[in-house]
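Engineer: no sequence for this one, just the structure:
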């Protein structure tokens, strides 16, 4: 089967929206940590997170992700798309490293390489 440019764009959009949905939600709670809110009650923390623009951006991107995901599922088998979506885990880990100073140890890097290699192999099956 031949994959068109538009289908590749939809797969990429699905991966990107998944990545930035999770990054936005992380940013919304990261602000909570930066404000030293962890000693406050859960309702106060929740209220701060909900007021965050990152939280609302995460919801918007999440809705866009669901839409692009459904379009991809209409065209591709779930057994192909779900592993393709795993590329977002690699993107999230790399983005988390740069935006939130999260660590990438040798185990995470090895896992990212395996995910990436598996996705490349699967992409050849389409």
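Structural biologist: Received, thanks. Because the structure is a prediction, the values reported are computed rather than measured.
Engineer: which ones are touching the nearest residue to residue 119 once chain neighbours are set aside?
Structural biologist: The spatially closest residue to residue 119, leaving aside those adjacent along the chain, is residue 87, at 5.1 Å (CB to CB, 6 or more residues apart in numbering). Backbone N, C-alpha and C define where each C-beta goes, glycine included. By CB atoms under 8 Å, 6 or more residues apart in numbering, the contact set of residue 87 is 15, 115-116, 119.
Engineer: top of these by number of neighbours, please.
Structural biologist: residue 15 (23 neighbours; other CB atoms under 10 Å).
Engineer: check contacts around that residue.
Structural biologist: 84-85, 87-88, 91 are the contacts of residue 15 under CB under 8 Å, 6+ apart.
Engineer: filter the contacts of residue 87 down to the ones in helices?
Structural biologist: 15, 115-116, 119 (DSSP state H).
Engineer: and the residue nearest the centre of the chain, what's its pLDDT?
Structural biologist: Most central in the chain under CA atoms, centre = their mean is residue 19, positioned 2.1 Å from the mean C-alpha point. Per-residue confidence (pLDDT) for residue 19: 97.
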